[in-house]
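K.L.:
Predicted model and sequence below, questions to follow.
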Amino acid sequence: MAKPTVRGKFITFEGLDGCGKSTQLEKLATELRQHGIDLVTTREPGGTIIGERIRAVLLDSRTAGLDAHAEMALMFASRAQLIAEVIAPALEAGQWVLCDRFTDSTEAYQGAGRRLGSDAVLQLHKVLCGGLWPDLTILMDCDVNSSVARARRRNQAAAQETSDENRFEKESYAFFTRVRNAFLEIAKREPQRVVLVDARPRLEIVHPQIVRVVFERLMEKGFAFEGAHL
Ligand code: TYD
């Protein structure tokens, strides 16, 4: 009889814009692949052809008039497509999925930043994303000032090529403070899933901390990495 496939692990990265999450996600992916883990990396909003089209609408500075509820609905539209097309099939096939942002971002940005509330976000998640939650979420925390400054520098460089700016990064200090506090609240509410990582040190210092968290958390759940040295 064929051995049933073990479901893959689902890891998400969360945090303010410009906190180094995408770089850390890629470094973790490289590390896990070296341990023989078959995985896919993806991002939100986006990650599918349809999702990338939704992303373009969401991030385009020309859609400044987008209603907050419409914005939240589009975030979930992109997510539902990503789950159906990428995340669920990969997990079922035993692959791991590393995703740059997920529903915690909607709770932080739309729920708190745009003040739509956590309940609305969690209810939509239930309807549109089923029971899918990450096995582990790495929340990269840094202060609002340095996050905004880093994101702006990155944006200005990109804007020279694309002549556009990310709509979110035009937001105020107060907006990002609400977003950061919401992330911290989620980490407090769900310590079994969300691990807070200080994003301020250099990336070579943060990376091994993330690797350790992944090993510890997923080993606790009965998973052993082949050849892992803790
Ligand atoms: P992106 O350029 O990918 O930023 P980052 O590299 O910081 O992730 O832009 C994604 C933006 O979308 C980011 O500002 C956060 C925002 N966002 C939401 O507001 N709600 C969401 O549910 C998601 C997934 C992202």
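P.N.:
Sure, I can see it. What you are looking at is a predicted structure, and each value in this text was computed from that prediction instead of being measured.

K.L.:
can you pull the contacts of the closest residue to K21 other than its chain neighbours?
P.N.:
Excluding the flanking residues, the one nearest K21 by Cβ to Cβ, 6 or more residues apart in numbering is F13, at 4.4 Å. All C-beta spots, glycine's among them, are computed from the backbone N, C-alpha and C. For F13, the contact set (Cβ atoms under 8 Å, 6 or more residues apart in numbering) comprises 21-22, 24-25, 98-101, 137-138, 140.

K.L.:
how does it look with 6 Å?
P.N.:
21, 25, 100, 138 (Cβ atoms under 6 Å, 6 or more residues apart in numbering).

K.L.:
Which residues outside whatever helix or strand E216 lives in are in contact with it?
P.N.:
Assigned by DSSP states H and E, E216 belongs to helix 203-220. By Cβ under 6 Å, 6+ apart, the residues outside helix 203-220 that reach it are 9, 20, 24, 27-28, 31, 136, 138, 195, 197, 228, 230.

K.L.:
Could you pick out the buried ones from those residues?
P.N.:
By neighbour count, with 16 or more other Cβ atoms under 10 Å, those hold 9, 20, 24, 27-28, 31, 136, 138, 195, 197 as buried.

K.L.:
sorry, back to before: any idea what the residue nearest to K21 is bridged to?
P.N.:
Per DSSP bridges, the residues bridged to F13 are D100, I138.

K.L.:
mind listing what's buried in stretch 83-94?
P.N.:
For stretch 83-94, the neighbour count (16+ other Cβ under 10 Å) marks 83, 85-88, 90-91 as buried.

K.L.:
same deal with stretch 116-126?
P.N.:
Of all the residues in stretch 116-126, those buried under the rule 16+ other Cβ under 10 Å are 116, 118, 121, 124-125.

K.L.:
and if you look at stretch 49-66?
P.N.:
Neighbour-count burial for stretch 49-66 [16+ other Cβ under 10 Å]: 50-51, 54-55, 57-59.

K.L.:
Next SSE downstream of the helix or strand bottoming out on mean pLDDT in the chain?
P.N.:
Lowest on mean pLDDT, DSSP states H and E among the helices and strands of the chain sits helix 144-162, with a mean of 73. For helix 144-162, the following helix or strand on the C-terminal side (DSSP H and E) is helix 173-189.
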